[in-house]
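*Asks:* Turn this into a model:
(one chain, ligands or ions: 2)
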Amino acid sequence: MQHFLSIEQLNAKEIRWLIDSAAHLKLQRGREGQPLVGQTWALIFTKSSTRTRVSFEVGIRELGGFPMFLSGNDIQLGRGEPIKDTARVLGRMVHGAVIRTYAQQDVVDFANCSSIPTINALTDDEHPCQILADLLTIQEKLGTWDGKKVAFIGDGFSNMTRSWMWAAKYLGFELVVASPASCQPPSEFLTKLDAANVSVTCDPIAATTGANVINTDVWLSMGQEGQKEKELEFKGFQVDAGLLAQAAPGHIVLHCLPAYRGKEISEEVLELHANTIFQQAENRLHAQKAILVELARK
Ligand code: CP
Ligand code: NVA
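*Replies:* Ligands and ions are numbered 1, 2, ... in the order given. I've put the predicted structure just below:
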């Protein structure tokens, strides 16, 4: 693996390897060695972040490297310098890059033009680091995702949903995505995905019935804050006690956070499942250390 740009570009073996490595690094924390010693990694973020920024900064330090946070607004990128020029400059100075931005193509272009390992820390298309942490959490809480039913309740074409759909395709678990009619994944995407184990519905109750994992995310992703009318479409899609009444016994609830209580998830459900949800947040650190170790190996 030269870069970590999407779940779409991985395969089952790579995903399983990264999760096993993350579980091992979690156990070994403090004794994991320093594969990034002498390396500086740039964190280029043009969107807000709490978990991703902190987990990458801590993870890079724990592996012996030095993280350099660069807000998109503070560097010349924010004044229009092209990503390919930013990439060619940073590629001559730092050893790796972690990028959070809007267009997936910008992360791809950075990887191609910089010649340094590049990690997608969230784009409009995918949030691949988060999915590794989510899968690790399922493994820890339920033992495996094999044979489980996963429901995703929310925006059917957000970065989180897309990454989940690719993960389900490769790993083979059942995934049902429930979204309002106006937020369904487009048919071209589903044709490209070509996964018989992934289905979409407008019925959150059908999706949740018998589900072992119920997953949700914000209704308005970063960059969509002005689309208040879109939120109105999600009436009936809140993950609350009523919806969870149909879920399988022993089910878990995941939320990548930040959460908007009273919108995509009720206060009651978030607090009841806080142990899982904050374990999921912590797992960002371990999952990303696994990615960094793998990229440092090359
Ligand atoms: N889940 C996640 O990526 O959180 P941040 O936006 O805080 O990084
Ligand atoms: N779909 C959300 C994920 C946040 C971690 C967003 O892009 O804002």
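*Asks:* Could you use CA atoms for every contact and neighbour count after this?
*Replies:* Noted.
*Asks:* quick one, what contacts the residue lying farthest from the centre of the chain?
*Replies:* The outermost residue of the chain relative to its centre, with distances by CA atoms, centre = their mean, is Arg92 at 28.5 Å. Arg92 is in contact with Ser114, counting by CA atoms under 8 Å, 6 or more residues apart in numbering.
*Asks:* 7 Å instead?
*Replies:* Neighbouring residues of Arg92 by CA atoms under 7 Å, 6 or more residues apart in numbering: there are none.
*Asks:* Please report how far it lies from Met160.
*Replies:* 32 Å (CA to CA, to the nearest Å).
*Asks:* hang on, the earlier thing: kindly provide the distance from the residue farthest from the centre of the chain to ligand 2.
*Replies:* From Arg92 over to ligand 2 the distance is 30 Å, taken as CA to the nearest ligand atom, to the nearest Å.
*Asks:* distance of that residue from ligand 1?
*Replies:* Where ligand 1 is concerned, Arg92 sits at a distance of 27 Å (CA to the nearest ligand atom).
*Asks:* secondary structure class for that residue?
*Replies:* The three-state assignment at Arg92 reads coil, by DSSP: H, G, I helix; E, B strand; the rest coil.
*Asks:* Mind pulling up the pLDDT for it?
*Replies:* With respect to pLDDT, Arg92 scores 98.
*Asks:* Equivalent analysis for Lys235, please.
*Replies:* Here, the pLDDT recorded for Lys235 equals 96.
*Asks:* Just the closest residue of the stretch 151-298 of the chain to ligand 2, please.
*Replies:* Ser221 (3.4 Å; CA to the nearest ligand atom).
*Asks:* ok, how many other residues are close to whatever residue of the stretch 101-250 of the chain ends up closest to ligand 1?
*Replies:* For the stretch 101-250 of the chain and ligand 1, the shortest gap (CA to the nearest ligand atom) falls at Gln130, measuring 6.4 Å. By other CA atoms under 10 Å, the residues close to Gln130 number 26.
*Asks:* Ok, Arg31 next?
*Replies:* So Arg31, with other CA under 10 Å, has 11 neighbours.
*Asks:* before we move on, what about Cys113?
*Replies:* For Cys113, the neighbour count with other CA under 10 Å is 18.
*Asks:* Now do the same for the closest residue to the residue of the stretch 101-250 of the chain closest to ligand 1 other than its chain neighbours: helix, strand or coil?
*Replies:* Leaving out its chain neighbours, the residue that sits closest to Gln130 by CA to CA, 6 or more residues apart in numbering is Arg284, at 6.4 Å. Following three-state DSSP, Arg284 is assigned to helix.
*Asks:* From Thr137, how far off is Arg284?
*Replies:* Distance, Arg284 to Thr137, by CA to CA: 10 Å.
*Asks:* So which residues of the stretch 151-298 of the chain form strands?
*Replies:* 174-178, 198-201, 213-216, 252-255 (DSSP state E, counting those that start in this stretch).
*Asks:* What of the stretch 1-150 of the chain?
*Replies:* 40-45, 66-71, 96-100, 118-120, 149-153.
*Asks:* quick one: Leu122 and Gln130, what's the gap?
*Replies:* 8 Å.
*Asks:* again but with Ile138, I slipped
*Replies:* From Ile138 across to Gln130, the span is 12 Å (CA to CA).
*Asks:* swap in Ala12?
*Replies:* Distance from Ala12 to Gln130, by CA to CA: 16 Å.
*Asks:* Please identify the buried residues of the worst-scoring helix or strand of the chain on mean pLDDT?
*Replies:* Sorted by mean pLDDT, DSSP states H and E, the helices and strands of the chain end with helix 228-232, the least confident at a mean of 94. By neighbour count on 16 or more other CA atoms under 10 Å, the buried set for helix 228-232 is Lys230.
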